[in-house]
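Undergrad: sequence and computational prediction follow.
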Amino acid sequence: MRRMNRILNVVICMVVIFVMSGFGVMAEENKFNLIEYCKTHQITSQAEFNNVLTNYCFVDETELFVPNNEEYFCLDIDYATNTIITTVREQQLTRESDTGHASRNYYGNDGNRIFTITVEGTFQYGLFICICTSASGSFTKPSSSQWTSTPTISSGIQSPSVAYARISGTATYSNQTRNYSLTLTCDNTGTFGAY
């Protein structure tokens, strides 16, 4: 009887090991690939991208980038660095001038945001001209990110009818670097753009 119990225990252990190893293979095969998902799905807003991050990558909601007044959204993939980049433009109108915001978010393939750059510009425009009266910007990151950077903020005139505010720089972490640049434009009709 003891020998039968030992044989039964060995068989049960072998079945458990076999089943557990099968789960490991299945989990590895079903591992979510954010870049592949972004390539095969048309994501049209930061809110939609945030839903993918929370539902599939299990990113904590406190680590998400949430724009105030999203007017424009674009998602790009940098295959050389396995980085996903979202660009969001926001607009805030006042009586005497127009202020615009644009943000670009950099994500690792695991869905975690590594940093965000934001540029803000206040523009005055008229019949034929537009000027940038103030420009500011920021480099921000979630608490879990180790990336650092000191951005450069600039502004100027691209043509008499188009002015710009720009943030640029290089972010570093360990032996990795990412160059970044984001330009917010405004033309003589008050139309904003970002690239």
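TA: Right, received. Where do you want to start? Residues are numbered from 1 along each chain as shown.

Undergrad: helix or strand for N55, which one?
TA: Using DSSP states H and E, N55 sits within helix 46-56.

Undergrad: got the contact list for that helix?
TA: Helix 46-56 is contacted from outside by 32, 34, 37, 41, 43, 59, 61, 64-67, 70, 73, 75, 86, 88, 105, 107, 111, using C-beta atoms under 8 Å, 6 or more residues apart in numbering. No exception for glycine: its C-beta is placed from N, CA and C like everyone else's.

Undergrad: repeat for stretch 75-89
TA: The contact list for stretch 75-89 (C-beta under 8 Å, 6+ apart) reads 34-35, 38-39, 43, 46, 49, 65, 67, 70-74, 100-109, 114, 176, 178, 182, 184, 192-194.

Undergrad: let me know the average pLDDT across it.
TA: Stretch 75-89 comes out with an average pLDDT of 88.

Undergrad: could you say what helices and strands the helix or strand hosting C132 packs with?
TA: For C132, the element it lies in under DSSP H and E is strand 130-140. Counting contacts by 3 or more C-beta pairs under 8 Å, 6 or more residues apart in numbering; DSSP states H and E, strand 130-140 packs against strand 113-125, strand 152-159, strand 162-173, strand 176-187.

Undergrad: and the last one, how far out from the chain middle?
TA: Relative to the mean C-alpha coordinate of its chain, strand 176-187 is positioned 13 Å out (C-alpha atoms, centre = their mean, to the nearest Å).
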